[in-house]
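S.K.: Predicted model follows, preceded by the sequence.
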2 protein chains.
Amino acid sequence: MSFESYKGKKVLITGGLGFIGSSLALRLVGLGARVTVIDSLIPQYGGNLFNVEPVKDLLRVNISDVRDRSSINYLVQGQDFLFNLAGTLSHIDSMRDPFTDLEINCVSQLRILEACRENNPGVKIVFAGTRGQFGRATYLPVDEEHPLRPTDVNGINNIAGEQYHLLYSEVYGIRACSLRLTNTYGPRHQMRHARQGVLNWFVRQVIEGEKIRIYGDGSQIRDTNYIEDVVEALLLAMITPETDGQVYNLGGEPLSLVNFVEQLITLNGSGAYELVAYPQDLKPIEIGDYIASHDKFSRCTGWHPRVPLVDGLQCTLDYYRKNRHEYW
Amino acid sequence: MSFESYKGKKVLITGGLGFIGSSLALRLVGLGARVTVIDSLIPQYGGNLFNVEPVKDLLRVNISDVRDRSSINYLVQGQDFLFNLAGTLSHIDSMRDPFTDLEINCVSQLRILEACRENNPGVKIVFAGTRGQFGRATYLPVDEEHPLRPTDVNGINNIAGEQYHLLYSEVYGIRACSLRLTNTYGPRHQMRHARQGVLNWFVRQVIEGEKIRIYGDGSQIRDTNYIEDVVEALLLAMITPETDGQVYNLGGEPLSLVNFVEQLITLNGSGAYELVAYPQDLKPIEIGDYIASHDKFSRCTGWHPRVPLVDGLQCTLDYYRKNRHEYW
């Protein structure tokens, strides 16, 4: 499918200074879209102005929180497309402060949809869900029919956020779909803590020359996607009419954490890892192996992950070696 | 199973002046429990002090809203059992005012669980879910594995409320289970509007001598339960240890709305009904036929619905004829 149709279109990205949002923004600017990114720039959450530095004169940056009703009401107006990516992703944070997680991932999603219903019912929305909505896999690979039984508050709130989108699509005709993302890695992810995913954290540790710490025996399987493949999926989801009202799992290369780390160390030319026991507060929310089936999405859009792990890791290492001072 | 074990136990019921909560409170007082009911008495919501009039000196009534954090924090302390029944049930109201629905059915549920975690982690909780969590049935009867795809905001928020209970059970060991209630009818239901269920509304219309109005062709199947059977189910769920961390569908007598109304008219000795088209704002949230499977709950607790429709309807008619001035 051609991305020509993005040319000249007005596109709003919530969470647009974060890892995925900013990577998407860069690509959209390249496609000739008129991009506005919204980001709260809450410390620790992943937003970083440097992420859009290469295109800073070619898009509009609006600092505001998705919990800020008036700014959202205003900003959705006139947009052709809304990539709704704002949201917390931290399992641990959601257990320590469940109400903040609820406000951002659940209440604010309903606000955004109400804002669209009142001010821009013709918009199309792509919502970013998460594999955390599933909890422990009862079978593999996990398809869209798999039961949703989250092991943390974040997963529960993301289910509600996703379901509001489907409901508003069905009842009010606001076109929306959800892509449930898995473990994404690559340039522009925050590198200050490991609470939004371990893959990039391993990259930091290897660059620092630290011994990488893997919880458990390291054999747990994660389904990994390089950021550019995720951006491609988001772009396809938006312009494929058949996605309206649908949910899709994304997935890519399933591999064990040890396998990921070993390839990382090889590419880096040096490094080491150790296996350590799970901290007590993480044990109940560890989900075991996770492999997604992306067949439904591939059938619908033709998407397939294209970037091999070694290439993705190499680009990631290169990016952070060069821009370390912006992320550490 | 014997209900002897309720004797002397401290029991808290949220929504305890409502239809189901008050019926449960009356039964628990009879079993010798020390009952506290919490209710906000928000007009239109179903709470009615008259509901507990027969036992008013034998229980404690505390008027407060589940959104009121301090009162909940205090009241959960020292309770053996918590029947968590507070919640809005109106599909229409949840679409007209989705944020109030969210606060009560989602945010407040998390608050109640946090209150228990901090102040009374040894409590056991029974949460009242709803068939609305399923949306349209893709197969019948609907068992617990059936996908959850609500057709209104209320169903989405109830899913989140239920999932918080399961999560707190699993992660923090706070014993909790959920019973997803279907269409319950009987004495003590509010009779001022039809937005919390049509069955009792039909009873009002027949008593008033009004022509009963059924939307659609009247052939839509509803799974009905008489209130006393639901009370029995709640009592069993609480004292059966195997229910911890589980969800169950309740169900009873599946029958068409026309069939329900015809039996009602026969018992009343007079009456008539007419079929009218669905109002525009109700069409998208109409769910078609619904029949639940209560096999899982029956296997676990031995519960079976016992009250035949004619007996339930007769008691309901008698109650409202006698107490009409308290409900109209």
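M.R.: Yep, that arrived.

S.K.: What residues does the stretch 151-300 of chain A have near chain B?
M.R.: Residues of the stretch 151-300 of chain A found near chain B (C-beta under 8 Å from any C-beta of the partner chain) are A:151-153, A:156-157, A:159-160, A:163-164, A:166-167, A:170-171, A:284-285. The C-beta positions use only the backbone N, C-alpha and C, and glycine is treated the same way.

S.K.: Just the strands from the stretch 151-300 of chain A, written as ranges.
M.R.: A:176-181, A:183-185, A:211-215, A:221-226, A:247-249, A:253-256, A:272-276 (DSSP state E, counting those that start in this stretch).

S.K.: May I have the strands that pair with the first one, each with its orientation?
M.R.: Think strand A:176-181. Strand A:176-181 sits in its sheet next to strand A:124-130 (parallel), strand A:247-249 (parallel), going by DSSP bridges.

S.K.: Run through who's touching it.
M.R.: With contacts defined as C-beta atoms under 8 Å, 6 or more residues apart in numbering or on different chains, strand A:176-181 is touched by A:20, A:113, A:124-131, A:133-134, A:162, A:165-166, A:168-169, A:225, A:230, A:233-234, A:237, A:243-250, A:292, A:297.

S.K.: now it, how far from the centre of its chain.
M.R.: In this view, strand A:176-181 has its centroid 10 Å away from the chain centroid, taken as C-alpha atoms, centre = their mean, to the nearest Å.

S.K.: Only the buried residues of it, if you could.
M.R.: A:176, A:177, A:178, A:179, A:180, A:181 (16 or more other C-beta atoms under 10 Å in any protein chain shown).

S.K.: Please identify which of those residues is nearest to residue B:117.
M.R.: residue A:180 (28.6 Å; C-beta to C-beta).

S.K.: Give the bridge partners for that closest one, please.
M.R.: Residues in beta-bridge contact with residue A:180 (DSSP bridges): residue A:129, residue A:249.

S.K.: And it, how far from residue B:304?
M.R.: 39 Å (C-beta to C-beta, to the nearest Å).

S.K.: go on, residue A:58?
M.R.: According to C-beta to C-beta, residue A:58 stands 68 Å off from residue B:304.

S.K.: neighbour count winner among those two?
M.R.: Taking other C-beta atoms under 10 Å in any protein chain shown, residue A:58 and residue B:304 do not tie; residue A:58 has more neighbours (16 against 12).

S.K.: so who does that one touch?
M.R.: A:29, A:35.

S.K.: Please convert the strands paired with strand A:176-181 to a markdown table, extending it with mean neighbour count.
M.R.: Output for these, formatted as a markdown table (neighbours: other C-beta atoms under 10 Å in any protein chain shown):
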| stretch | mean neighbour count |
| --- | --- |
| strand A:124-130 | 25 |
| strand A:247-249 | 24 |
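
S.K.: can you put those in a markdown table and add distance to residue B:216?
M.R.: Formatted as a markdown table, the strands paired with strand A:176-181 follow (distance: least, C-beta to C-beta, whole Å):
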| stretch | distance to residue B:216 |
| --- | --- |
| strand A:124-130 | 32 |
| strand A:247-249 | 29 |
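
S.K.: Which parts of the helix or strand of chain A with the lowest mean pLDDT count as buried, going by neighbours?
M.R.: The weakest-scoring helix or strand in chain A, judged by mean pLDDT, DSSP states H and E, is helix A:91-96 (a mean of 89). For helix A:91-96, the neighbour count (16+ other C-beta under 10 Å) marks A:91, A:92, A:93, A:94, A:95 as buried.

S.K.: Understood, closing this out.
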